[in-house]
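Trainee: got a predicted model here, sequence first, then my questions.
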Amino acid sequence: MSHTEPATAAAPRESKLVRGLNLLNCFGPDEDLLRLSQLADRARVPLPTAHRLVHELELCGMLERFGGHLRLGRSLAQLGRRAQGHLHTLLDDALPLLVRLHAATGLDVVFSACYGSQALPIGQLSRLGGTSVVSYAPQGSPINSLLVAAALRRHDSGCATPQVISSGELTGVGAAIRPRGTAIRAVIALIGRSGDAVSAAVPHVHAVARALNERLGTVAPLAPAAAAAAAAPDPCPETPSMLARGLSLLNGLRAGEARVTLTELAHRTGLPKSTAHRLISVLIDYQFLQEGGAGIMFGPRVLALSAQVPARRLLRTTALPWQRLLCEQSDGFSCLLIPDPPTMDRLTCVFSDGPVATAIGRGAPGLAERLSTAAARATMREVDPTGPFGLFAEDLAEPAPPPPVVGFEHGCAMATAPGGLTAIAAPVLTRREAPEAVLTLVMQAPGLGKVRTAVREARAAAADIARACAGLPASPTGGLPHTPYR
């Protein structure tokens, strides 16, 4: 089944799952908060029914209350990050070339995954002052949608030359790629305010698209056999309704999996195969799942809704000014990570024009990012000792002995790799039981005094971000010295 737009009405299936999905679909890109009566009216369900469905969705974490309103919940953001696991692998593989393209042209670079006619940005490189920002799962823009549509049309027609398009004050050019063995296509778009600069960059984006088609030509494996997999927990065990069972199928997909078979998904959720098949058909109709080659994968609606979760957007926008200031003063690399056990997912990365940026441009971002993630995991273990994060030695995807030296002091974790690269990680502590996020800063061979200053500022930044997320006054410039500590 293939659709370009998600279904929005309860017909033809008046099931509890359909009505629950319709309630989630009521939230638009510019509508974070809705009242229960608004949800009932838009989904065309009776108010008592909407009340019961909202209660189930709250138990599952798909909705949450904010004052007298409802908004999309953190569990939906978590599903979105899982859905982007295999897309982030594409982005990570493409990142070195995208960074070089960004540095060579000075233009914003947007990397989008395409499902049918829908384009979902999964990464964006932009320039802010003396720093470059990598945003994961950024919000889309009208000109990027135009560039994606034009690039796909030219790709389908066999035309290799990218087309320059203007929209308002912005001009851009896009090139489509389709890595072999994947069920998606991707588009690289360059966007700027100077039409001449964009026109001059056409050969660059064309060359990068050709290189990525060769580099990303790998086949995504199916999920492991059912015998080796444990059943996924029911996301809302107190209400084993058809809505809860349908959401358990979404919860059964794991981070980093490109696709999984129906049999495997039924096994993980403990559902009969016939029941799982019926529910999956509904989820495919509503684009929460989609068929991908020989298996099932997350659909574009999960990605689109997860990008609208207010808590994640607030976290990103609050942390970004702090990350920029920290990087400008340290010539370093800062990452905002979200815990999704057993992984740590990146939300925003910022780097200055220093040695770290040079390493990323040459195709070696791994050490800084792995060190950043390892320090973040150490912070999670220290703040939440009963949490699910494993030993530090297991945090490195590509071990590089001897292992980094790790310590925890003054509320921050510090990890130092051979060669003097040092990572500092501070938890963003809100009123929740576990840290909301972890803010990291990676610097090249700082002295002891500079490390102490960086620890103090990382703690101040994390506390300021936590205050902003709690709705309290916060300022990204308060308390930060204007003298470099690199």
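Mentor: Noted; the coordinates are in hand.
Trainee: where in the stretch 201-350 of the chain is pLDDT low?
Mentor: 216-240, 255-258, 292-294, 341-342 (pLDDT under 70).
Trainee: what about the strands in it?
Mentor: Taking DSSP state E, counting those that start in this stretch as the test, the strands found in the stretch 201-350 of the chain are 289-292, 295-298, 333-340, 343-352.
Trainee: and the closest residue to G246 other than its chain neighbours, what element?
Mentor: Distances taken as CB to CB, 6 or more residues apart in numbering place L17 nearest to G246, at 4.1 Å, with adjacent residues excluded. No exception for glycine: its C-beta is placed from N, CA and C like everyone else's. Secondary structure assigned from DSSP states H and E places L17 in helix 16-25.
Trainee: what helices and strands are in contact with that helix?
Mentor: helix 36-43, helix 47-59, helix 242-251, helix 273-285, helix 300-306 (3 or more CB pairs under 8 Å, 6 or more residues apart in numbering; DSSP states H and E).
Trainee: after the second one, next one along is what?
Mentor: Heading C-terminal from helix 47-59, the first helix or strand you meet, by DSSP H and E, is strand 63-66.
Trainee: give the other helices and strands that that following strand contacts.
Mentor: By 3+ CB pairs under 8 Å, 6+ apart, strand 63-66 packs against helix 47-59, strand 69-72.
Trainee: distance between the longest one and the chain's centre?
Mentor: Per CA atoms, centre = their mean, to the nearest Å, the displacement of helix 47-59 from the mean C-alpha position of its chain is 28 Å.
Trainee: and what of the last one?
Mentor: Its chain's C-alpha centre lies 21 Å from the corresponding centre of strand 69-72 when counted by CA atoms, centre = their mean.
Trainee: list the buried residues for that strand?
Mentor: 70-72 (16 or more other CB atoms under 10 Å).
Trainee: likewise for stretch 20-40?
Mentor: In stretch 20-40, counting by 16+ other CB under 10 Å, buried: 20-27, 32, 34, 36, 39-40.
Trainee: lowest-confidence one in the residues you listed?
Mentor: Across those, no position has a lower pLDDT than D32, which has 82.
Trainee: ok, and the closest non-adjacent residue to A104?
Mentor: A104 sits nearest to H204 (CB to CB, 6+ apart), 5.9 Å away.
Trainee: out of the helices and strands packed on strand 63-66, which is the most enclosed?
Mentor: strand 69-72 (a mean of 20; mean count of other CB atoms under 10 Å).
Trainee: thinking again about what came up before, which one, of the helices and strands packed on strand 63-66, ends up nearest to L262?
Mentor: helix 47-59 (24.3 Å; CB to CB).
Trainee: hmm, who's touching that closest one?
Mentor: Residues from elsewhere that reach helix 47-59 (CB atoms under 8 Å, 6 or more residues apart in numbering): 16, 19-20, 23-24, 36-37, 39-40, 43, 45, 63-65, 70, 73, 236, 238-239, 241, 243-244.
Trainee: run the last query once more with 7 Å
Mentor: Contacts with helix 47-59, where a contact means CB atoms under 7 Å, 6 or more residues apart in numbering, come from 19-20, 23, 36-37, 39-40, 43, 63-64, 70, 236, 238-239, 241, 243-244.
Trainee: dump it to CSV, restricted to CA.
Mentor: The C-alpha trace of helix 47-59 is given here as CSV (Å, rounded to 0.1, in the frame of the first residue of the first chain):
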residue,chain,number,x,y,z
LEU,A,47,-16.0,14.0,23.4
PRO,A,48,-16.3,11.0,25.9
THR,A,49,-14.6,8.8,23.3
ALA,A,50,-11.8,11.3,22.8
HIS,A,51,-11.4,11.5,26.5
ARG,A,52,-10.8,7.8,26.8
LEU,A,53,-8.5,7.7,23.8
VAL,A,54,-6.4,10.6,25.1
HIS,A,55,-6.1,8.8,28.5
GLU,A,56,-4.6,5.8,26.7
LEU,A,57,-2.3,8.0,24.6
GLU,A,58,-1.1,9.7,27.8
LEU,A,59,-0.4,6.3,29.4
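Trainee: just the angle between that helix and helix 16-25, please?
Mentor: Between helix 47-59 and helix 16-25, the angle comes out at 80 degrees (axes from the mean of the first three to the mean of the last three CA atoms, to 10 degrees).
Trainee: run the angle between helix 47-59 and helix 36-43 for me.
Mentor: 100 degrees.
Trainee: residue ranges in the stretch 1-150 of the chain under the pLDDT threshold?
Mentor: Short version for the stretch 1-150 of the chain, where the test is pLDDT under 70: 1-14, 85-89, 115-118.
Trainee: quick one: neighbours of G168, just the number.
Mentor: 8 (other CB atoms under 10 Å).
Trainee: ugh, wrong one, I meant G270
Mentor: Under the criterion other CB under 10 Å, the count of neighbours that G270 has is 14.
Trainee: could you check how far it is from D92?
Mentor: From G270 across to D92, the span is 33 Å (CB to CB, to the nearest Å).
Trainee: and what of T416?
Mentor: Applying CB to CB to T416 and D92 gives a distance of 24 Å.
Trainee: more neighbours, these two?
Mentor: Remark: of T416 and D92, T416 carries more neighbours, 19 against 14, as counted by other CB under 10 Å.
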